[in-house]
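Asker: Starting from these lines, generate the structure:
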Amino acid sequence: MKISNGNLEKLKSLIDAAATIGVVSHVNPDGDNLGSSLGLARILRNHGKKTQVIGHDEIDDYLKFLPDLKYYTKDYKDSYDLLLILDASEMDRIGDAIPVAKKSKMTAVIDHHLGGKIESDLNIIHPDSPATCELIYEIASRLELPIDKTSATLLYTGIVTDTGRFLYSNTSKDTLEIAGHLLELGADKEYIYTNLYQNKPIKVLQFENYLISKAEFMTDRVFAVSSADAVSKFDVQMGDCEHVASVLRDLEGIEISMLLKEYGNGEYKVSLRSKNVDISKTARENGGGGHINASGFSIFDNSLEQAAEKAREILKNIQ
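Answerer: Model prediction:
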């Protein structure tokens with residue numbers, strides 16, 4: 001177990017003392033984001049605590065199969081007795097929910113990213129954990145909070161996605177044992193796998209193939225761009241390109257892949273993936289964060305061409 005008894009007891013006291021609890025995670029929701037926030041909120045509701053998940057961003061279609069999405073609400077409070085910040089290493093990662101964090105009486109961070117700088121009343125940060133969902137499972141099991149079939153499915157989803165179906169090096173013996181326990185608790189593995197990996201729309205495959213065909217290869221690294229025009233052309237969402245970074249990284253002879261995504265309003269988001277290179281340092285140096293082999297950051301510029309040139313230089317200079 002990773003969490004100290006002291007931190008676990010303090011978290012329990014914060015939860016017990018709170019009449020209202022908010023749960024929030026980072027912008028651009030992914031599997032671990034939604035799995036941990038929706039899962040923990042359900043666990044706390046089943047424990048008798050009034051809990052809301054702050055729905056401050058849009059959810060991509062590929063994750064809309066998840067249960068409890070009705071609790072990812074835009075009708076959230078201005079403040080809470082306790083705000084739980086999950087899977088976010090920097091305050092600006094929670095976007096529109098920043099004012100809520102500032103107004104809430106108490107805050108606690110539960111995360112697994114390196115380099116986090118959020119100041120809160122309690123930080124439970126374990127970079128050796130492959131997913132925030134793994135930490136939520138530990139908290140619930142050690143505090144004897146109820147994990148039902150739905151919350152088990154949510155937590156299992158976060159672990160599966162953040163470990164790349166248990167392929168990444170961050171997968172440990174503990175991870176596999178926790179996944180097994182979640183299956184025993186009723187996590188619907190077939191439902192998760194079918195929706196995540198066996199239900200891709202043909203237009204998304206065509207979109208991915210288009211981006212891969214335009215990729216630039218630089219010896220042991222590769223650079224790809226997903227423009228707003230390409231997203232419109234294939235009638236998909238920007239989130240549908242995320243898998244491309246991993247596909248390119250997994251090619252023979254490639255150590256690092258970079259995917260630049262055009263989001264509008266001068267923001268270009270970068271996804272970095274690697275095999276044996278620590279790319280989290282590069283991400284942090286550019287205002288982002290993440291894991292050793294999967295990280296990201298944003299570039300702000302006036303045009304896609306200028307942002308792409310900056311991104312290429314960053315990619316070339318990664319040591």
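
Asker: Contacts only, for residue 195.
Answerer: The neighbourhood of residue 195, defined by Cβ atoms under 8 Å, 6 or more residues apart in numbering, consists of 62, 65. For every residue, glycine as well, the C-beta is placed using N, CA and C.

Asker: Could you list the low-confidence segments of the protein?
Answerer: 116 (pLDDT under 70).

Asker: quick one, helices of it?
Answerer: When secondary structure is read from DSSP state H, the chain shows helices at 5-17, 31-46, 98-103, 132-142, 149-162, 173-184, 189-197, 202-213, 228-234, 242-249, 280-285, 304-316.

Asker: Which residues belonging to the third one are considered buried?
Answerer: For helix 98-103, a neighbour-count test (16 or more other Cβ atoms under 10 Å) marks 100-101 as buried.

Asker: coming back round to it: so for residue 115, which of the helices of the chain sits nearest?
Answerer: helix 280-285 (4.6 Å; Cβ to Cβ).

Asker: Can I get that closest one in CSV, CA atoms only?
Answerer: Included here for helix 280-285 are C-alpha records, laid out as CSV according to Å, rounded to 0.1, in the frame of the first residue of the first chain:
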residue,chain,number,x,y,z
SER,A,280,7.9,14.3,-18.2
LYS,A,281,10.8,16.7,-17.6
THR,A,282,10.3,18.3,-21.1
ALA,A,283,6.5,18.6,-20.4
ARG,A,284,7.1,20.3,-17.1
GLU,A,285,9.6,22.7,-18.6
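
Asker: Check which helices and strands that helix sits against.
Answerer: With contacts defined as 3 or more Cβ pairs under 8 Å, 6 or more residues apart in numbering; DSSP states H and E, the packing partners of helix 280-285 are strand 267-274, strand 289-290, strand 294-300.

Asker: List the buried residues in it.
Answerer: Neighbour-count burial for helix 280-285 flags 280, 282-284 (criterion: 16+ other Cβ under 10 Å).

Asker: cool, and stretch 173-192?
Answerer: Neighbour counts using 16+ other Cβ under 10 Å place 174-175, 178-179, 181-182, 185, 187-188, 192 of stretch 173-192 among the buried residues.

Asker: now, of the helices and strands packed on helix 280-285, which is deepest in the fold?
Answerer: Highest mean neighbour count of those: strand 267-274, a mean of 23 (counted as mean count of other Cβ atoms under 10 Å).
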